[in-house]
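Student: Okay, sequence plus prediction incoming.
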Amino acid sequence: MLELDKIHCGDNCDLLGQLPRECIDLVVTSPPYDDLRTYGGHSWDFFGVAWQLKRVLKPGGVIVWVVADATKDGSETGSSMEQALHFKRLGLNLHDTMVWQKTPLPMNHNRYEQVWEYMFVLCDGTPKVFNGKREACRNFGRGFPGGSTRQGGNDAREHNTQNAVKEDKLRGNVWVADTGYMRATKDAIAYEHPAIFPDSIAGDHIATWSNPGDLVLDPFSGSGTTAKAAKELGRRFLGLEINPEYCAIAERRIAQQVLELEAV
Ligand SMILES: C[S@@+](CC[C@H](N)C(=O)[O-])C[C@H]1O[C@@H](n2cnc3c(N)ncnc32)[C@H](O)[C@@H]1O
């Protein structure tokens, strides 16, 4: 067993092998995308990691797999979708194909700017926790003509049958978030890693798919964004990362948060 609430430096497949089966409530992670970045020249074994994640996940546990494709010889590789389908073959449900929409750096292409990445939400069965994020309805208070009920398979959904639009509603599955704001905060050390995802992406998934005290894993921990958000939200965490420089960044981010809390 690995010590909890720590970043463990090493190959994730080896480290995952030290965990007992069905011990993890939630995985929030982002692997290297094809060969777009080398992160110091380390390799990883998708099939081994996928098998281990399925093994350590609790029934009803969730994996959020944030990923995008490289473009090679004029074609997107499609490896993101292949990975999602492989998780399905291992017996996980593809609960939702969500999108992280971001503001890219301006580039010159013969295609439109890539402004989003996949967030595959995979589940062993159906999610045991769903604390759905809500957002304000733009038409709050306005009349709603009649209301309707849409039915489809076992996913019947009641639309608002009241005459007035309610104050809030479940958020959609496209989430807009950027990392730019972090440059101006104490958390700028995260930028010493080349490919962070925003705190809000990690935090909102953790809040949605887990409860306080649950164990959250990131097997590609990088700068420790998931670990930091898990700690802030009162979850236990495990971060696995092969590059010692990134482990050090993650440890600094997590320690910094402790100092801030102690200072309050
Ligand atoms: C896309 S980055 C993750 C960034 C992270 N989400 C963050 O916000 O900082 C992928 C990470 O996987 C790490 N990695 C690559 N191969 C690995 C392996 N075999 N075991 C553990 N980590 C690995 C890389 O060093 C890199 O930091």
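Tutor: Nice, thanks for sending it over.

Student: Which of the three states applies to Met98?
Tutor: strand (DSSP: H, G, I helix; E, B strand; the rest coil).

Student: from memory Trp65 sits against Phe46, does it?
Tutor: No - counting by Cβ atoms under 8 Å, Trp65 stays clear of Phe46, with 10.5 Å between them. Bear in mind the C-beta positions are built from the backbone N, C-alpha and C, glycine included.

Student: These two: who's more crowded?
Tutor: Neighbour count, other Cβ atoms under 10 Å: between Trp65 and Phe46, Trp65 has more, with 23 against 14.

Student: Just list whatever residues bridge to that one.
Tutor: Beta-bridge pairing for Trp65 (DSSP bridges): Thr29, Phe120.

Student: Now for it: which residues touch it?
Tutor: If a contact means Cβ atoms under 8 Å, 6 or more residues apart in numbering, then Trp65 has Val27, Thr29, Ser30, Pro31, Gln83, Ala84, Phe87, Tyr118, Met119, Phe120, Leu122 as its contacts.

Student: same check, this time on Leu217
Tutor: Ile24, Leu26, Val27, Val28, Thr29, Val56, Phe237, Leu238, Gly239, Leu240.

Student: Filter these down to the buried ones, PyMOL style.
Tutor: Remark: buried members of the contacts of Leu217, expressed as a PyMOL selection using 16 or more other Cβ atoms under 10 Å:
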select buried, resi 24+26+27+28+29+56+237+238+239+240
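
Student: how near is Asp5 to Gly234?
Tutor: Counting by Cβ to Cβ, to the nearest Å, the gap from Asp5 to Gly234 is 11 Å.

Student: so who does Leu238 touch?
Tutor: Applying Cβ under 8 Å, 6+ apart to Leu238 gives the contacts Leu2, Leu4, Asp5, Lys6, His8, Leu19, Ile24, Leu215, Val216, Leu217, Asp218, Ala227.

Student: do the same with Met119
Tutor: Contacts of Met119 by Cβ under 8 Å, 6+ apart are Val64, Trp65, Val66, Thr97, Met98, Val99, Trp100, Trp175, Ile201, His205.

Student: Also Glu135?
Tutor: Contacts of Glu135 (Cβ under 8 Å, 6+ apart): Asp168, Lys169, Leu170, Arg171.

Student: Mind giving me the PyMOL select for the contacts of Leu238, buried ones only?
Tutor: The PyMOL command for the buried members of the contacts of Leu238 (criterion: 16+ other Cβ under 10 Å) is given here:
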select buried, resi 6+8+19+24+215+216+217+218+227
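
Student: And what about the closest residue to the ligand within the stretch 51-200 of the chain, helix, strand or coil?
Tutor: Closest residue of the stretch 51-200 of the chain to the ligand, Cβ to the nearest ligand atom: Ile196 (3.7 Å). Put simply, Ile196 is coil when judged by three-state DSSP.

Student: Quick check: phi and psi on it?
Tutor: Main-chain torsions, Ile196, degrees, to the nearest 10: phi -80, psi 160.

Student: count of neighbours near it?
Tutor: By other Cβ under 10 Å, 22 other residues sit near Ile196.

Student: swap in Cys247?
Tutor: 22.

Student: doesn't Ile7 make contact with it?
Tutor: Yes - with contact defined as Cβ under 8 Å, Cys247 reaches Ile7; the gap is 5.1 Å.

Student: hey, what's in contact with both of those two?
Tutor: Common neighbours of Cys247 and Ile7 (criterion: Cβ under 8 Å, 6+ apart): Ser221, Glu241.

Student: List the contacts of the residue in the stretch 101-250 of the chain that the ligand sits nearest to.
Tutor: In the stretch 101-250 of the chain, the residue that lies nearest the ligand is Gly222 (2.6 Å; Cβ to the nearest ligand atom). Residues counted as contacts of Gly222 (Cβ under 8 Å, 6+ apart) are Ser30, His193, Ala195, Ile196, Glu241, Tyr246, Ile249, Ala250.

Student: which among the residues you listed gets closest to Asn108?
Tutor: Of all the contacts of Gly222, Asn108 sits closest to Ala195, with 21.2 Å by Cβ to Cβ.

Student: Convert the C-alpha atoms of stretch 67-80 to PDB, please.
Tutor: The C-alpha trace of stretch 67-80 is given here as PDB (Å, rounded to 0.1, in the frame of the first residue of the first chain):
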ATOM      1  CA  VAL A  67      -7.000  13.900 -23.300                       C
ATOM      2  CA  ALA A  68      -6.600  15.200 -26.800                       C
ATOM      3  CA  ASP A  69      -5.000  14.000 -30.100                       C
ATOM      4  CA  ALA A  70      -1.900  15.000 -31.900                       C
ATOM      5  CA  THR A  71      -2.200  15.700 -35.700                       C
ATOM      6  CA  LYS A  72       0.100  13.600 -37.800                       C
ATOM      7  CA  ASP A  73       0.400  13.700 -41.600                       C
ATOM      8  CA  GLY A  74      -2.700  15.900 -41.800                       C
ATOM      9  CA  SER A  75      -4.900  13.600 -39.600                       C
ATOM     10  CA  GLU A  76      -5.800  13.600 -36.000                       C
ATOM     11  CA  THR A  77      -4.600  10.300 -34.500                       C
ATOM     12  CA  GLY A  78      -7.900   9.400 -32.900                       C
ATOM     13  CA  SER A  79      -6.000   7.800 -30.000                       C
ATOM     14  CA  SER A  80      -8.200   9.600 -27.400                       C
END
